[in-house]
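[1] can you look at this prediction? I've put the sequence above it.
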Amino acid sequence: MYPVAPLNRALSSAIQARIDNKTKPLGALGDLETLALRLGQIQLQQVSDPLAICHPTMLVFAGDHGIANAGVSIAPSEVTTQMVLNFVAGGAAINVFCRQLGWQLKVVDCGILAPLDHPQVISQRLGAGTRPFHQVPAMGRAQVEQGFALARELVRAQLADGCNLLAFGEMGIGNTSAAAAIMAALTGLPVAECVGRGTGVDDAIFARKVALISEALALHQPDRHDPVGVLAAVGGFEIVQLTGAILAAAEAGVPVLVDGFIVTVAALCAVRLAPGVRDYLIFAHQSQEQGHRLLLEALDARPLLQLGMRLGEGSGAALALPLLEAAVNFYNQMASFAEAGVDNVVETPRDAARVDG
């Protein structure tokens, strides 16, 4: 479905040698060096080319969930629409961070309760909210495929405008329940380990979330080897389009800065559909949501930040952009030992240097 090519690692040794020959001890820039190497593997045709981040774009996907009416959140579904209006008015955290850091922000209606006739809302509706997945499938497989196609075209439009770094956020009351259900279905982990507090629910609502998700998985018996079927059974319209957008970015050879719990669930779906996707994912942060640490472990991912956040909206991904820019800039601008006329006294093998330091 998505022919995602694995990274061409032919230049990896040369890129790493360029990084190692900057005026610093081996490995002294830590994860910034890993970032520069990964961006080089994705972008560079020859090692002397510069790295670049062009028109970084944040797409926030919104959708409503039938499960929300079962009392799995402290907020009613109407808050989804209210927050979408807050996004386009510029008043949410993600707006603040995008303005500060230079992201282009776009908001996508994947299926909130009622359509919004607003010029700043991109309409890619799959319905007026999903069905309650503890009673019936959340959607049909055809809706999943339609969501993938819409997301692919949206991503292609951003890339045609010169974007070469994408990040995705989400909004949808009830979507931590859908994400936890997807996670449990795909990983086989106990539901109680996948469910988190979401908007800050109390113990009674938490227990209800666990019970309803367990009922849903028993009802649908989704096949963990069929991510499309899992999304149809217990997913959300915004999670479907997140998955499709991640697939499309990787297909185009563009890195994705992955946000928190819900976006990482979509990333897991995408990797299960096309394993090569994993090479294009950079994980921004570890959310406070209980299941996120286990998700990151399942994807063998080391996040850049750990700030105790659990907001969603793409907020953690937005905050990680300066780290990618720092990786790009040191790779492009930092002098080598030869260029600076500095003696390179670090002659120990790279692994030994890491152990020592």
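    Good, I have the coordinates. It should be emphasised that the depicted structure is a prediction, and the values quoted were computed from it without experimental measurement.

[2] low-scoring stretches of this protein, by residue?
    1, 199, 346-357 (pLDDT under 70).

[3] domain map for it?
    10-50+327-356, 57-324 (automatic domain parsing).

[4] relative to residue 2, which of these is closest?
    domain 57-324 (4.4 Å; Cβ to Cβ). C-beta: built from backbone N, CA, C; applies to glycine.

[5] what residues sit buried inside stretch 200-207?
    By 16 or more other Cβ atoms under 10 Å, the buried positions in stretch 200-207 come out as 201, 205, 206.

[6] those in helices, which ones?
    205, 206 (DSSP state H).

[7] highest mean neighbour count out of the domains of the chain?
    Ranked by mean neighbour count, these are led by domain 57-324 with a mean of 21 (mean count of other Cβ atoms under 10 Å).

[8] and that one, how far apart are its ends?
    With Cα to Cα, to the nearest Å as the measure, domain 57-324 spans 14 Å from end to end.

[9] I'd like the buried residues of stretch 200-207 as a markdown table, with distance to residue 324 appended.
    Formatted as a markdown table, the buried residues of stretch 200-207 follow (distance: Cβ to Cβ, whole Å):
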| residue | distance to residue 324 |
| --- | --- |
| 201 | 34 |
| 205 | 37 |
| 206 | 35 |
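
[10] which one of the buried residues of stretch 200-207 sits closest to residue 259?
    residue 201 (20.6 Å).

[11] in this protein, which spans are strands?
    With DSSP state E as the criterion, the chain has strands at 57-63, 104-111, 121-123, 166-171, 256-258, 281-283.

[12] can you list contacts of stretch 9-22?
    Stretch 9-22 has contacts (Cβ atoms under 8 Å, 6 or more residues apart in numbering) with 26, 29, 33, 36-37, 40-41, 44, 46-47, 330-331, 334-338, 344, 350.

[13] among the residues you listed, which are located in helices?
    33, 36, 37, 40, 41, 330, 331, 337, 338, 350.

[14] tell me how far the first one lies from residue 258.
    Just to be clear, that refers to residue 33. According to Cβ to Cβ, to the nearest Å, residue 33 stands 20 Å off from residue 258.

[15] now the helices for the stretch 201-350 of the chain?
    Assigned by DSSP state H, counting those that start in this stretch, the stretch 201-350 of the chain shows helices spanning 203-220, 227-234, 237-251, 261-273, 292-298, 315-333, 337-340, 350-356.

[16] make a markdown table from the ones you listed and add distance to residue 93 to it.
    Shown next, in a markdown table, are the helices of the stretch 201-350 of the chain (distance: least, Cβ to Cβ, whole Å):
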| stretch | distance to residue 93 |
| --- | --- |
| helix 203-220 | 23 |
| helix 227-234 | 27 |
| helix 237-251 | 17 |
| helix 261-273 | 15 |
| helix 292-298 | 18 |
| helix 315-333 | 5 |
| helix 337-340 | 41 |
| helix 350-356 | 37 |
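
[17] looking at these, which is nearest to residue 138?
    Closest to residue 138 of these is helix 227-234 (Cβ to Cβ; 5.7 Å).

[18] any idea of the angle the closest one forms with helix 203-220?
    Going by axes from the mean of the first three to the mean of the last three Cα atoms, to 10 degrees, helix 227-234 is angled at 120 degrees with respect to helix 203-220.

[19] so how far is stretch 84-96 from its chain's centroid?
    Centre-to-centre, stretch 84-96 and its host chain are 19 Å apart (Cα atoms, centre = their mean, to the nearest Å).

[20] give me the distance between the two termini of it.
    Stretch 84-96 end-to-end distance (Cα to Cα) = 15 Å.

[21] what are the bridge partners for the most centrally placed residue in the chain, then?
    Within the chain, one residue has its C-alpha closest to the average C-alpha position: by Cα atoms, centre = their mean, that is residue 258, at 2.7 Å. With DSSP bridges as the criterion, residue 258 is bridged to residue 283.

[22] what's the spacing between it and residue 166?
    Separation of residue 258 from residue 166 (Cβ to Cβ): 10 Å.

[23] identify the residues contacting stretch 194-213?
    For stretch 194-213, the surrounding residues in contact (Cβ under 8 Å, 6+ apart) are 67, 70-75, 134, 173, 176-177, 180-181, 183-184, 187, 191-192, 234, 261, 288-292, 294, 310.
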